[in-house]
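Here is the input, now give the coordinates:
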Amino acid sequence: MGALLQLLITGIYPKGILFVRRIALLSVVLAVLGACAQAKQSAPLPQPPEVTVVTVHREPVPVTTELPGRTSAYLVAQVRARVDGIVQKREFKEGADVKAGQRLYQIDPAPYRAALDSALAALQKAQANVAAMNAQAERYKILIGGNGVSRQEYDNAVAAQAQAAADVASGNAAVQIARINLGYTDVVSPISGRIGPSQVTQGAYVQASAATPMATVQQIDPVYVDLNQSSVEGLQLRRDVASGRLKLNGPGQAKVTLLLEDGTRYPESGTLQFTDITVDPSTGSVTVRAIFPNPHQVLLPGMFVRARIDQGVDDTAMLVPQVGVTHNPQGQATALVVGPDNKVASRIIQATRTLGDQWVVQGGLDEGERVIVAGVQKAPPGILVHAVEAPVKTAQAQ
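Sure thing, here's the model as predicted:
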């Protein structure tokens, strides 16, 4: 454009109509140049895109583990026959609660009463015999001093006295056995709990040698919950506790909450009882047992549940909203952060688990860094952005 202007000014001075045309063209060029300069001066500079960020800090984060498991009764007693006989009657209602010592069945006691009477008679006979033997031994002791009896006769009397005393002891044992067997004809509940269906009916023949099963009583308040934890998780937990990264709650006992089969939370909280030291080779897991109160008998033996165990507190973790964390093609967790120069940078982080709507990050971020939680699409790495801190409520909602 400048060259054209110079040509028009320094060209051969024209005459007539050619001069008028060149003057008009010069005016047009000057107007265009002025408009371009004015447009260049008035064009606004592009503004950096605005993104919403959350500043992350190290804070105590509870360490929880969710494990599957099944419930089991606190006490289980299988009621079995301990003597032979015919069941005369059943004295309980199936599915009802029974007390310890309550009679459940009556087995025909007649043969055992007769056996007890026979044992008592034998005992009386032995007691009478021992009285006679004692008297004879006392007389021979006096007579042997005056050579009234021989030494052999005296020794025989003393031996007979001891044998009679042994017969009395044997008779007492026989009476005890007969009474025990007679007592076994009254089949009682060994524990308090809920009894299941009866496995024998009135008129059935039961045998002590076969230990005929008759019923089962279970105590389900409290109730056990047997959980399965992988050996790898248990190993990592022990390492974190040993290094001081995790702090146990209370005096070694962890709080346990329960989720029922329908997803509802069980209102009572339980405590851990023990962790088995044997790893199941078929599943690679160990058994963790917890105990829960069950006053309303909501938990029944054999139910499938999920338990959440509060194992401790991690003081070095950070919480990042889930919307601020993505995964790259390699499956690694990543986050976009805004640096001190307001430029976006991508970070690979160690997001181990979720806590509510946030990721628990244990590496990859520094204290006080700003993580982008909104506007990620318009903030590729390396671009200059305008960061706006998310309100507390917005951050929690994100």
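
Strands of the stretch 101-250 of the chain, residue ranges please.
103-107, 186-188, 193-195, 205-206, 213-230, 246-247 (DSSP state E, counting those that start in this stretch).

does residue 260 really touch residue 303, like I thought?
Yes. Contact criterion CB atoms under 8 Å: residue 260 and residue 303 qualify, at 7.5 Å. (Each C-beta comes from the backbone N, C-alpha and C, glycine too.)

picking that back up, and the strands of the stretch 101-250 of the chain: which comes nearest residue 293?
Closest to residue 293 of these is strand 213-230 (CB to CB; 5.2 Å).

Give the buried residues for the closest one.
Across strand 213-230, burial judged by 16 or more other CB atoms under 10 Å covers 214-227, 229.

then it to CSV, C-alphas only?
Extracted in CSV, the C-alpha atoms of strand 213-230 (Å, rounded to 0.1, in the frame of the first residue of the first chain):
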residue,chain,number,x,y,z
PRO,A,213,-30.8,-85.5,66.6
MET,A,214,-34.0,-84.2,68.0
ALA,A,215,-33.9,-80.3,67.6
THR,A,216,-31.5,-77.3,67.5
VAL,A,217,-31.5,-74.3,69.7
GLN,A,218,-29.7,-71.1,68.7
GLN,A,219,-28.9,-67.9,70.6
ILE,A,220,-28.9,-65.0,68.2
ASP,A,221,-28.6,-62.1,70.6
PRO,A,222,-25.8,-61.1,70.2
VAL,A,223,-24.9,-62.5,66.8
TYR,A,224,-21.6,-63.1,65.1
VAL,A,225,-20.7,-61.7,61.6
ASP,A,226,-17.9,-63.6,59.9
LEU,A,227,-16.2,-61.4,57.2
ASN,A,228,-13.7,-62.3,54.5
GLN,A,229,-10.7,-60.0,54.0
SER,A,230,-8.0,-60.6,51.4
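
Mind listing the strands it pairs with, and their directions?
Strand pairing for strand 213-230, using DSSP bridges, gives strand 61-80 (antiparallel), strand 193-195 (antiparallel), strand 285-292 (antiparallel).

got JSON lines for the ones you listed, with distance to residue 179 too?
Shown next, in JSON lines, are the strands paired with strand 213-230 (distance: least, CB to CB, whole Å):
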{"stretch": "strand 61-80", "distance to residue 179": "20"}
{"stretch": "strand 193-195", "distance to residue 179": "27"}
{"stretch": "strand 285-292", "distance to residue 179": "39"}
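
so can I have JSON lines of those strands showing mean pLDDT?
Shown next, in JSON lines, are these (pLDDT from 0 to 100):
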{"stretch": "strand 61-80", "mean pLDDT": "90"}
{"stretch": "strand 193-195", "mean pLDDT": "94"}
{"stretch": "strand 285-292", "mean pLDDT": "88"}
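
out of these, nearest to residue 335?
When the strands paired with strand 213-230 are compared by CB to CB, strand 61-80 sits nearest residue 335, at 17.0 Å.

Toward the C-terminus, what is the element adjacent to the closest one?
Using DSSP states H and E, the helix or strand that follows strand 61-80 towards the C-terminus is strand 85-90.

hmm, who's touching whichever helix or strand comes after that following strand?
Next helix or strand after strand 85-90 toward the C-terminus (DSSP H and E): strand 97-98. Contact with strand 97-98 is made by 92, 104, 189, 192-195, 217, as judged by CB atoms under 8 Å, 6 or more residues apart in numbering.

pLDDT averaged over strand 97-98 - what is it?
The pLDDT scores in strand 97-98 average 94.

who does that strand pair up with?
Strand pairing (DSSP bridges) places strand 97-98 next to strand 193-195 (antiparallel).

possible to save the contacts of strand 97-98 as TSV with distance to residue 319?
TSV is the format used below for the contacts of strand 97-98 (distance: CB to CB, whole Å):
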residue	distance to residue 319
92	56
104	57
189	53
192	48
193	46
194	45
195	51
217	49
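
quick one: the nearest residue to residue 284 once chain neighbours are set aside from residue 288, how far?
Excluding its sequence neighbours, the residue lying closest to residue 284 (CB to CB, 6 or more residues apart in numbering) is residue 231, at 5.6 Å. Here the criterion is CB to CB, to the nearest Å. By it, residue 231 lies 12 Å from residue 288.

Which one, of the strands of the stretch 101-250 of the chain, ends up nearest to residue 256?
strand 213-230 (7.7 Å).

quick check, distance from that closest one to the centre of its chain.
Offset of strand 213-230 from its chain centre (CA atoms, centre = their mean, to the nearest Å): 15 Å.

That one relative to strand 85-90, how many degrees between them?
80 degrees (axes from the mean of the first three to the mean of the last three CA atoms, to 10 degrees).

burial count for residue 307?
Residues lying near residue 307 (other CB atoms under 10 Å) number 23.

who touches it in this structure?
By CB under 8 Å, 6+ apart, the contact set of residue 307 is 66-67, 69, 225, 227, 256-259, 270, 290.

List buried residues within these.
67, 69, 225, 227, 256-258, 270, 290.

how about the residues you listed in JSON lines, adding distance to residue 79?
Below are the buried ones among the contacts of residue 307 laid out as JSON lines (distance: CB to CB, whole Å):
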{"residue": "67", "distance to residue 79": "34"}
{"residue": "69", "distance to residue 79": "28"}
{"residue": "225", "distance to residue 79": "26"}
{"residue": "227", "distance to residue 79": "30"}
{"residue": "256", "distance to residue 79": "32"}
{"residue": "257", "distance to residue 79": "35"}
{"residue": "258", "distance to residue 79": "30"}
{"residue": "270", "distance to residue 79": "29"}
{"residue": "290", "distance to residue 79": "28"}
